[in-house]
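Participant: Sharing a sequence plus its predicted fold:
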Protein chains: 2
Amino acid sequence: MTTPELDLPDTTTPTETIAEVAARTGVSAHTLRYYERIGLLTVPRDHAGRRLYTADDVDRVVFITRLRQTDMPIRDIQRYFTLVAEGASTEQERLELLLHHREAVQARLDALHRALDVVDYKITKYGGSARP
Amino acid sequence: MTTPELDLPDTTTPTETIAEVAARTGVSAHTLRYYERIGLLTVPRDHAGRRLYTADDVDRVVFITRLRQTDMPIRDIQRYFTLVAEGASTEQERLELLLHHREAVQARLDALHRALDVVDYKITKYGGSARP
DNA sequence: TATTGACTTCGAGTGCACTCGAAGGCCTAC
DNA sequence: GTAGGCCTTCGAGTGCACTCGAAGTCAATA
């Protein structure tokens, strides 16, 4: 009937400054501005033109950091949020993008494990000599 | 008594061209020259000045690729082979370098796993929506 | 002998993801 | 009312690890 104004946590009212978001997410203010510059975020401003982040914005920053931690290229993250902006009809494509990335990460994990085995072999067998 | 010339596989006679090494290791000729330029390798030349790699050289290239696959910085790889060049007395330090790197790789593996879990959560729970 | 093609050196260029600096605006505390 | 500090935009700079191009050399083949 009416919008459930009081029942849901507020995620769209701008409340946090760039310094607060930087402190909470570990992403520098410089990098937060950079992310905005390249279109990963759109952050509202206060009356003086300063950024005020909503809870949703902060959530998005956190999600971006997770994707970056898995080495997703910025280009792909841009693509992902472009799809998000295009609405619900792109959900399938977004899912595919994430699944595709998931495979890449899994492959990276496997490769890392294999290469680490070689290093371990080197450690135990040669104690660090010049030969592999 | 005498050096066991016939018993050991020959690892120090230059036999392979840069193209062969590139093909066998998957490292481009350009990158092989780059590695040499920055001091990771010292490759003998034939009478015409062309590189001829020994089996030991190729082994070293392969080991470098393993270290790079685990994201060891070039700087650390340089340090490692500097130690190798300094002889057996640096074995302890080399071992420590590798063990330290091993920890870094393990930390990276853990972080990848955690970040991947977040992506997986996103995949299963939201099917790719904008919220984390 | 002429051409082909792989090799050489050297310096410069690329792509990525930040990271920084300059110049100035606005709010609060004294 | 002014000093301090955090904010703004913009463009430029950084570091890493390659990657490429130009100009030339050399040896094998037609």
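Facilitator: Structure received. Nothing here was measured: the structure is a model prediction, and the numbers come from that model. Numbering: from 1, shown residues only, chains lettered A, B, ... in the order given.

Participant: does the biggest helix by length in chain A come close to DNA strand D?
Facilitator: Secondary structure assigned by DSSP state H gives helix A:91-126 as the longest helix of chain A. No - Helix A:91-126 is not in contact with DNA strand D by CB under 7 Å from any atom of the strand; minimum separation 13.4 Å. (Each C-beta comes from the backbone N, C-alpha and C, glycine too.)

Participant: What is the burial count for A:Arg94?
Facilitator: The local packing count at A:Arg94 equals 24, with neighbours defined by other CB atoms under 10 Å in any protein chain shown.

Participant: The one 10 residues further on now?
Facilitator: Other residues within reach of A:Ala104, judged by other CB under 10 Å, total 15.

Participant: Also A:Met72?
Facilitator: For A:Met72, the count of nearby residues is 21 (other CB under 10 Å).

Participant: Which residue, other than its chain neighbours, is closest to it?
Facilitator: Closest residue to A:Met72 in three dimensions, ignoring its sequence neighbours and counting by CB to CB, 6 or more residues apart in numbering or on different chains: A:His101, at 5.5 Å.

Participant: What residues of the longest helix of chain A count as buried?
Facilitator: A:91, A:94-95, A:97-98, A:101-102, A:105, A:108-109, A:112, A:115-116, A:118-119, A:122-123 (16 or more other CB atoms under 10 Å in any protein chain shown).

Participant: and that helix, how far out from the chain's middle?
Facilitator: Using CA atoms, centre = their mean, to the nearest Å, we find the averaged C-alpha position of helix A:91-126 to lie 19 Å away from the chain's own average C-alpha position.

Participant: who's in contact with A:Thr11?
Facilitator: For A:Thr11, the contact set (CB atoms under 8 Å, 6 or more residues apart in numbering or on different chains) comprises A:Thr54, A:Ala55, A:Asp56, A:Asp59.

Participant: do A:Asp46 as well
Facilitator: Counting by CB under 8 Å, 6+ apart, A:Asp46 makes contact with A:Pro14, A:Leu52.

Participant: How about the backbone phi and psi for it?
Facilitator: In this entry, A:Asp46 is assigned phi and psi values of phi -80, psi -180 (degrees, to the nearest 10).

Participant: For it, give its distance to DNA strand D.
Facilitator: With distances defined as CB to the nearest atom of the strand, to the nearest Å, the gap from A:Asp46 to DNA strand D amounts to 8 Å.

Participant: ok, back up a step: check whether the residue nearest to A:Met72 really touches B:Val118, as I assumed.
Facilitator: No - with contact defined as CB atoms under 8 Å, A:His101 and B:Val118 do not form a contacting pair (11.9 Å).

Participant: Mind jotting down where the strands sit in chain A?
Facilitator: Taking DSSP state E, chain A contains no strands at all.
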